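>>> let me see the structure of the following:
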Amino acid sequence: MKKIVIFLLICLCTNAKILGQNLYESAWIDKQNETILMTIERENGKYWMNFPGTKFEVLDGEKPYVIMNGKQARIKIDQESGVLIFNGFKYIPEFKSKKRRFSGRWKSTSDDRKFDIKLINGGITWDIIDGDKKPIRFYPKLTDEGFWFTFGKKQLFFTMNDGVIIDDDGNSYIRIDRT
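Numbering: from 1, shown residues only. Next comes the predicted model:
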């Protein structure tokens with residue numbers, strides 16, 4: 001039993017050293033637009049940074065970097081915010097993205113309006129359903145606080161507070177189901 005514990009401790013310490021600044025295997029998405037998906041994965045004892053169609057080996061675990069166009073491109077983690085910084089872009093773990101937090105089915109607390117919010121090919125769609133009417137699909141724009149889109153002649157803004165979606169008129173929507 002003691003040998004197993006020592007072996008596990010060695011493995012954990014080795015992984016922490018290889019990954020340096022808490023650079024961990026995960027899916028990451030650019031913080032500004034939430035459109036560029038990048039993953040860091042371990043394969044055959046090496047770490048790889050993957051973009052659609054492109055794969056870079058992560059080198060030097062203490063100060064991780066990849067080689068792009070013959071030059072070193074550093075990978076940094078802001079220890080306070082958990083933001084990964086690479087090639088001039090800031091990335092957040094995909095599971096912390098606004099798109100991921102908003103996705104699901106939602107119901108108004110004051111009327112029969114429902115939202116079906118889905119992640120499709122890196123984008124997000126909002127199907128708005130009023131009662132028994134046919135759903136109307138929208139492609140919202142990401143903001144610092146949430147999302148906005150035009151509904152008829154009106155611009156609607158949506159934020160999230162304590163797991164509840166709130167529009168700019170003060171209407172609240174509660175989650176029915178995750179998608």
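>>> show me where this structure has helices.
Here the chain has its helices, by DSSP state H, at 2-19, 98-102.
>>> and the ones you listed, which one averages the lowest pLDDT?
Among the helices of the chain, helix 2-19 carries the lowest mean pLDDT, a mean of 36.
>>> tell me the domain boundaries of the chain?
22-96, 98-177 (automatic domain parsing).
>>> pretty sure Ile128 contacts Phe149?
No: counting by C-beta atoms under 8 Å, Ile128 stays clear of Phe149, with 9.5 Å between them. From N, CA and C alone the C-beta is placed, and that goes for glycine too.
>>> joint contacts of the two?
Phe138 (C-beta atoms under 8 Å, 6 or more residues apart in numbering).
>>> and the domains of the chain, which one is worst for confidence?
Here the domains of the chain differ in mean pLDDT, and the lowest is domain 22-96 at a mean of 89.
>>> Gly61: neighbouring residues, count only.
16 (other C-beta atoms under 10 Å).
>>> most centrally placed residue in this protein?
In the chain, the centroid-proximal residue (C-alpha atoms, centre = their mean) is Glu94; its distance is 2.1 Å.
>>> and Lys71, how far from Tyr91?
Distance, Lys71 to Tyr91, using C-beta to C-beta, to the nearest Å: 20 Å.
>>> also Trp106?
Going from Trp106 to Tyr91 by C-beta to C-beta gives 27 Å.
>>> neighbour count: the two, which is higher?
Counted by other C-beta under 10 Å, Trp106 and Tyr91 do not tie: Tyr91 has more neighbours, with 26 against 23.
>>> pull the contacting residues for Lys55.
Counted by C-beta under 8 Å, 6+ apart, Lys55 has contacts Trp48, Met49.
>>> partner residues bridging it?
Asn50 (DSSP bridges).
>>> what sits against the residue nearest to Lys46 when sequence neighbours are not counted?
Distance criterion C-beta to C-beta, 6 or more residues apart in numbering; nearest residue to Lys46, sequence neighbours excluded, is Glu57 at 5.9 Å. Taking C-beta under 8 Å, 6+ apart, we find Glu57 in contact with Lys46, Tyr47, Trp48, Met49, Val66, Ile67.
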